[in-house]
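Q: just a sequence and a predicted model for now, questions to come.
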Amino acid sequence: MKGVVFREFFNYIEVQHGDEMLDDVIVASDLPHGGAYTSVGTYPFEEMLSLVHSYTAASARSEGCVFAGFGEHCFLNWLSFLPEFFSPARHLFDILEQVNDFHEREVRKLYPDAELPTFTTESRGEHDMVVGYHSEKQLRDFAVGVIHGAAIHLRVAIEVSTEDAEDAAGPYTRIRIRMAAPAACPERAALCPVMPPI
Ligand code: HEM
């Protein structure tokens, strides 16, 4: 996993709980290099799992909640990388249909060896979209959080659910996204009830 993701995770903990919590989480994770990451470096995914584990213990949040909140945080911080691609004038479903192109064209310019996921459109209607999320890492809650981040940015209300799926290449996650009426919008509170508003 690229160092930029680790650094963003540290930033997420700091924003949520402050410096002291971050220090505690790094110490508790017993990392081989004491938590020093360069953005372009590549580090074992297990180190991220260890950090998330320590953070869930320290913050009393579930792992799913932490990954979802972190995914949302990443999207909202990283969209400035190419704001026009994420223009609020665009439709969420169009953006999701082009995430692979964005990752492969733009993200690879900075991180040529990034291990990026693949999203496949399984169906798309006016209010519903079903995408397949394929990844070695199976970060389904993170992926859902990133999609929620995009919806917050575009100011659209969505409901998201996931289920296990399988094709010839193996298991993957099916993600269902439904445009919700604003009154039914679960917003970020449902994603992680203890998370303070931005
Ligand atoms: C709707 C938009 C986006 C979605 C749905 C999305 C989804 C994801 C997911 C699920 C991962 C986790 C890796 C995996 O599952 O294997 C990931 C990784 C990553 N994404 Fe995105 N992403 C989006 C936008 C962005 C943006 C705006 C950037 C800006 C730089 C970005 C850069 C990255 C990077 C650097 C990684 C880490 C790759 C690695 O560690 O090797 N993504 N993305």
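A: Thanks, I have it.
Q: most distant residue from the centre of the chain?
A: Most distant residue from the mean C-alpha position of the chain: Ala168, 25.8 Å away (Cα atoms, centre = their mean).
Q: distance check, that residue against the ligand.
A: Per Cβ to the nearest ligand atom, to the nearest Å, Ala168 is found 20 Å from the ligand. Placement of C-beta: from N, CA and C, glycine included.
Q: distance of that residue from Glu136?
A: 17 Å (Cβ to Cβ, to the nearest Å).
Q: mind telling me what element the residue most central in space within the chain is part of?
A: Taking Cα atoms, centre = their mean, the centroid of the chain lies closest to Gly71, which sits 2.4 Å from it. Assigned by DSSP states H and E, Gly71 belongs to helix 63-78.
Q: buried sites along that helix?
A: 64-76, 78 (16 or more other Cβ atoms under 10 Å).
Q: and what of stretch 76-94?
A: Buried residues in stretch 76-94 (16+ other Cβ under 10 Å): 76, 78-79, 86, 92-93.
Q: between the two ends of it, what distance do you get?
A: 18 Å (Cα to Cα, to the nearest Å).
Q: cool, stretch 82-90 as well?
A: OK, stretch 82-90 end separation, Cα to Cα: 13 Å.
Q: any bit of it sitting next to the ligand?
A: No: Stretch 82-90 is not in contact with the ligand by Cβ under 6 Å from any ligand atom; minimum separation 6.7 Å.
Q: stretch 111-122 now?
A: Yes: using Cβ under 6 Å from any ligand atom, we find that stretch 111-122 touches the ligand at 111, 114-117.
Q: returning to that earlier point: for the record, mean pLDDT for the following helix or strand past the helix holding Gly71?
A: As assigned by DSSP H and E, the chain's next helix or strand after helix 63-78 is helix 92-97. The average pLDDT within helix 92-97 is 97.
Q: ok now helix 92-97, how far from the chain's centre?
A: Distance of helix 92-97 from its chain centroid, counting by Cα atoms, centre = their mean, to the nearest Å, is 15 Å.
Q: same question, stretch 143-154
A: 8 Å.
Q: got a list of contacts for it?
A: For stretch 143-154, contacts defined as Cβ atoms under 8 Å, 6 or more residues apart in numbering pick out 67-76, 79, 86, 88, 90, 92, 95-96, 117, 133, 135, 157-158, 160, 162, 173, 175, 177, 188, 191.
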